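>>> Here's a sequence, model it:
(one chain, ligands or ions: 1)
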Amino acid sequence: MDQQPFTIGFIIMSLASLAIYFTGRKKISIKNHVMMHSLVTFIAATAYLAMALGVGNILLDNGTTLYIARYIDWSLTTPLLLAGLVLIAFHEYTASSQVSGYLTAIIGLDIVMIVTGLLSSVAETALVKEVWFVWSCAAFLGVIYLLWGPLRKIAATRALTTPGGYYKNITLLTLVWLIYPLVFAVGPEGLGVITDNASVWSFLVLDVIAKVLYAFYAAKVLAKSFQPTVVESTLGS
Ligand code: RET
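As a prediction, this is how the structure comes out:
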């Protein structure tokens with residue numbers, strides 16, 4: 001396997017982690033999001049470093065390579081990104097049991113999506129691959145439903161954010177996330193229409209959009225849509 005995309009991924013994600021943190025706004029209501037997006041890219045940098053060093057790259061019996069670091073990355077970073085959206089939807093809302101209910105549901109579905117995706121990629125027969133792929137897509141639909149259904153309604157009721165802020169973020173996130181299963185389906189894990197190299201480059205481009213560009217986009221949207229909290233207005237921050 002060509003190491004180049006992994007090394008490039010490592011460099012982009014490391015620099016992005018620093019850039020997101022140091023250019024991020026330090027207002028109280030936005031600071032948590034800045035730290036979260038910086039952590040997401042830091043985790044991704046770690047995963048790309050592991051793949052570049054060949055750690056967890058396992059050659060399967062069917063001749064395809066399983067990149068364990070990719071699934072560990074996704075199972076840590078996608079819950080963080082989703083938690084960020086749930087917190088935007090509930091901005092400054094005090095009924096914490098409802099917030100934790102949505103966090104558990106969306107993160108639970110997301111983890112099932114990633115783990116069953118991993119099972120699909122290691123399955124030995126086409127049928128078992130398909131079964132896990134379909135199950136992973138079902139969990140993904142659950143995530144999309146929560147974002148566009150109940151959480152969008154809740155976001156619309158929050159006085160301190162403009163509902164448009166939440167809406168813009170889920171639109172970009174959904175469009176980019178939808179491409180992941182497509183690349184998986186045509187890649188060596190699925191139908192094998194594209195090569196391992198093409199699949200690695202495609203996931204790198206998607207990761208840069210979903211983690212780096214999304215971080216800057218979300219920061220811009222949030223800066224516009226969040227009204228200052230009472231504390232911030234008083235402190236003048
Ligand atoms: C898999 C397996 C096949 C079915 C589905 C999948 C979805 C993956 C997604 C991954 C998103 C990753 C992101 C990482 C960036 O931080 C696992 C490919 C539905 C949606 C956004």
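
>>> What number of residues are in the vicinity of Leu191?
Neighbourhood size, Leu191 [other CB atoms under 10 Å]: 12. Bear in mind the C-beta positions are built from the backbone N, C-alpha and C, glycine included.

>>> my bad, Leu182
12.

>>> ditto for the one 10 residues further on
By the criterion of other CB under 10 Å, Gly192 has 14 neighbours.

>>> any idea what it is structurally, helix, strand or coil?
Put simply, Gly192 is coil when judged by DSSP: H, G, I helix; E, B strand; the rest coil.

>>> Give me the pLDDT for it.
On pLDDT, Gly192 comes in at 96.

>>> now it: how far from Ser96?
Applying CB to CB, to the nearest Å, the value for Gly192 to Ser96 is 47 Å.

>>> Enumerate every residue touching Ala69.
46-48, 50-51, 55-57 (CB atoms under 8 Å, 6 or more residues apart in numbering).

>>> And for Arg152?
Applying CB under 8 Å, 6+ apart, the residues contacting Arg152 are 89, 163, 166-167, 170.

>>> what's the answer for Tyr102, then?
86, 89-90, 146, 150-151.

>>> Can you flag the buried ones in those residues?
Among the contacts of Tyr102, those classed as buried by neighbour count (16 or more other CB atoms under 10 Å) are 86, 89-90, 146, 151.

>>> Can you say which two of the residues you listed are spatially most distant?
Farthest apart among these by CB to CB are Phe90 and Leu146. That separation is 12.5 Å.

>>> Among the contacts of Arg152, find me the one that's closest to the ligand.
For the contacts of Arg152, the closest approach to the ligand (CB to the nearest ligand atom) belongs to Ile170, at 12.8 Å.
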